[in-house]
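Novice: predicted coordinates and the sequence they were generated for:
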Amino acid sequence: MFQKTVLPNGVRVVTAEAPQYPSTTVSLYIAAGARHDEDALGGTAHFLEHMLFKGTEERPSARQISETVEAVGGILNAGTGREYTTYWAKLPSEHSRRALDLLSEMVQRPLVAPDEVERERRVILEEIKGHADQPPRLARELLNQLLWPEDRLGREIAGTEETVKSISRDDLCAYLQRHYTGSNIVVACGGRIEHTDVVRWAEQELHGLPAEGCTTSTPPARSEGRFGLVGRPVQQASLCLGFPALSYHDPRRYALVVLDAVLGGGMSSRLFLEVRERRGLAYSVGSGAQEYADAGAYVISAGVAPETLAQSVRAVWEQLDRLRTEQVSPEDLARVKSYVKGRTVMSLEGSKGLASWGGMQELLRGYIREPDEALALVDDVTPEDVQSLAGDLFDAEAASLAVAGPFEDEREIRDVWREAVHGAG
């Protein structure tokens, strides 16, 4: 399904040809994210992503950039993560070339005009202030700080008001020059497209990029369990419970996918059935893995009434402890695998799903696992694999708990966790 070509300057081109689709998604994946910001300039990767939409040498205004794609009914967007940034456009297939032309301009020849820098700085500062009004987000960000207190993985992607105010135009241009290089870029396309065409276009548009970049990071230290509170006078407490987990290179990641489906995969998962359906403690409850090159976390989140926080945390821990002490039945395992495989197949519906599958894997892992191979690895997971992994992950002493809600002392959060674990036996 996926084809790959490496250009002389290290740019990797991956495609999934799907002539049955009327659209094509063209993506540029850049191996540079918030983890690669300098400590005093947190938010640089995110700031730069914003600036690339403000004008290029060929299209000197934000309107000209957006109209290039929107004039044919397409979608143009981007996102900054902790280890990468992605720029993508989805549009009717006959206009695929214009998408690659535009994205190539954006990453190579942005204007980064001084007046636009100051205007966008104000926009980002408002974005950061808005985060403070979202308790679920505050709990998630606090959990990252607890899990990685000395590492950039624990830092907010957008930065802080202080760091964003410190970022200069020169900082943004230096970051672009240092990280947006051939070996750090994957061109990923999916849909009604031919691989040879994309390779030819990429050679024409990206040949001027230098080959080598400077994107490195230091593995974070494994932290002990911590507890944190963001006090807010709200009616619902947002909790995030996290454990150190797997990197995306770990061979047990498919066992983790299955484990996560058992716990939080849809309305038939254990957490949903127990915490919401049986006990009525939460409207929303879910789980998921955060995977990075040399670290990871497994996180359970929920929104609960403040007076039921202890009861809710105890209900969650009981399900985690159950996975450590009891094997998943063959019937449940078969059902969960079917769920995982079905969701995987559906994620590939459409050109964007194909481009994401290939681009993300190639950028982060250096290879692309075909969907059929991934489904086979899901099938290979055994009850013993799930129980063994649960035993490794769900160590009560390694757990970190973050809460945003109407509490006054973070020692209350520590006591909630201790009572939950003790109550579960």
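Specialist: Received the coordinates, thanks.
Novice: what residues are up against the residue lying closest to residue 74 once chain neighbours are set aside?
Specialist: Closest residue to residue 74 in three dimensions, ignoring its sequence neighbours and counting by Cβ to Cβ, 6 or more residues apart in numbering: residue 91, at 2.9 Å. Glycine gets a C-beta too; all of them are placed from N, C-alpha and C. Under the criterion of Cβ atoms under 8 Å, 6 or more residues apart in numbering, the contact partners of residue 91 comprise 23-24, 69, 72-75, 98-99.
Novice: hey, which helix or strand in the protein has the poorest pLDDT?
Specialist: helix 410-423 (a mean of 91; mean pLDDT, DSSP states H and E).
Novice: output the contacting helices and strands for that helix.
Specialist: Judged by 3 or more Cβ pairs under 8 Å, 6 or more residues apart in numbering; DSSP states H and E, the packing partners of helix 410-423 are strand 227-231, helix 309-325, strand 400-405.
Novice: re earlier: helices - which of the contacts of residue 91 land there?
Specialist: Taking DSSP state H as the definition of helices, the contacts of residue 91 contribute 69, 98-99.
Novice: between the residues you listed, which is nearest residue 211?
Specialist: Of all the ones in helices among the contacts of residue 91, residue 211 sits closest to residue 99, with 24.0 Å by Cβ to Cβ.
Novice: give the contact list for that closest one.
Specialist: So residue 99 contacts 24, 26, 69, 74, 89, 91 (Cβ under 8 Å, 6+ apart).
Novice: what is the burial count for residue 266?
Specialist: 11 (other Cβ atoms under 10 Å).
Novice: check the one 10 residues further on too.
Specialist: The burial count assigned to residue 276 is 18, neighbours taken as other Cβ under 10 Å.
Novice: quick one: contacts for it?
Specialist: With contact taken as Cβ under 8 Å, 6+ apart, residue 276 is in contact with 282-283, 285.
Novice: from those residues, keep the buried residues only.
Specialist: Judged by neighbour count, with 16 or more other Cβ atoms under 10 Å as the criterion, the buried members of the contacts of residue 276 are 282, 285.
Novice: can I get the contacts of residue 276 in CSV including secondary structure, pLDDT and distance to residue 81?
Specialist: Converted to CSV, the contacts of residue 276 look like this (DSSP: H, G, I helix; E, B strand; the rest coil; pLDDT from 0 to 100; distance: Cβ to Cβ, whole Å):
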residue, secondary structure, pLDDT, distance to residue 81
282, strand, 96, 27
283, strand, 94, 28
285, strand, 97, 24
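Novice: quick check: chain neighbours aside, which residue is closest to residue 157?
Specialist: By the measure of Cβ to Cβ, 6+ apart, the closest residue to residue 157 outside its immediate chain neighbours is residue 34, 4.3 Å from it.
Novice: is the one you found in contact with residue 151, as I believe?
Specialist: No: using Cβ atoms under 8 Å, residue 34 is not in contact with residue 151; the gap is 11.2 Å.
Novice: looking at these two, which is more packed in?
Specialist: Neighbours around residue 34 and residue 151, counted as other Cβ under 10 Å, are more numerous at residue 34. The numbers are 23 against 20.
Novice: check which helix or strand residue 267 maps to.
Specialist: Residue 267 belongs to no helix or strand when elements are defined using DSSP states H and E.
Novice: ok, now which ones touch the residue most central in space within the chain?
Specialist: What sits nearest the mean C-alpha location of the chain, by Cα atoms, centre = their mean, is residue 81, with 5.8 Å. By Cβ under 8 Å, 6+ apart, the contact list for residue 81 reads 33-34, 157.
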